[in-house]
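**Student:** Let me see the structure of the following:
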Amino acid sequence: MQISRLTAERPEFQEVPLAQAWGEAGLPGSPPCTGPHLLLSPAAHGTDGFFCAVLERRG
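**Tutor:** As a prediction, this is how the structure comes out:
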């Protein structure tokens, strides 16, 4: 919801889908989760809870 609000209030920013950002960063394999953002949880991934969204400022 925070990302949606930010992009609504600041249209110069757009979300970069996780799979696209993962590939552009040159990371191996595929992202550890599906969806537009990186969302990790202790139960599913054995990590601390973690959220990441990639935003890009339009020219």
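
**Student:** Quick one: end-to-end distance for stretch 50-59.
**Tutor:** Stretch 50-59 has an end-to-end distance of 29 Å (criterion: C-alpha to C-alpha, to the nearest Å).

**Student:** Could you do stretch 51-59 as well?
**Tutor:** 26 Å.

**Student:** in that stretch, what's buried?
**Tutor:** Neighbour-count burial for stretch 51-59 flags 53, 54 (criterion: 16 or more other C-beta atoms under 10 Å). To be clear about C-beta, it is placed using only N, CA and C from the backbone, and glycine gets the same treatment.

**Student:** How about stretch 13-30?
**Tutor:** So, applying 16+ other C-beta under 10 Å, buried residues of stretch 13-30: 15, 18, 21, 22.

**Student:** show me the contacts for the closest residue to residue 40 other than its chain neighbours.
**Tutor:** Excluding its sequence neighbours, the residue lying closest to residue 40 (C-beta to C-beta, 6 or more residues apart in numbering) is residue 50, at 4.2 Å. Neighbour list for residue 50: 38, 39, 40 [criterion: C-beta atoms under 8 Å, 6 or more residues apart in numbering].

**Student:** Give me the contacts around the lowest-mean-pLDDT helix or strand in the chain.
**Tutor:** Of all helical and strand segments in the chain, the minimum by mean pLDDT, DSSP states H and E falls on helix 42-45, at a mean of 86. With contact meaning C-beta under 8 Å, 6+ apart, helix 42-45 is reached by 32, 33, 48, 49.

**Student:** Same check on stretch 2-18?
**Tutor:** Applying C-beta under 8 Å, 6+ apart, the external contacts of stretch 2-18 come out as 24, 31, 33, 35-38, 53-58.
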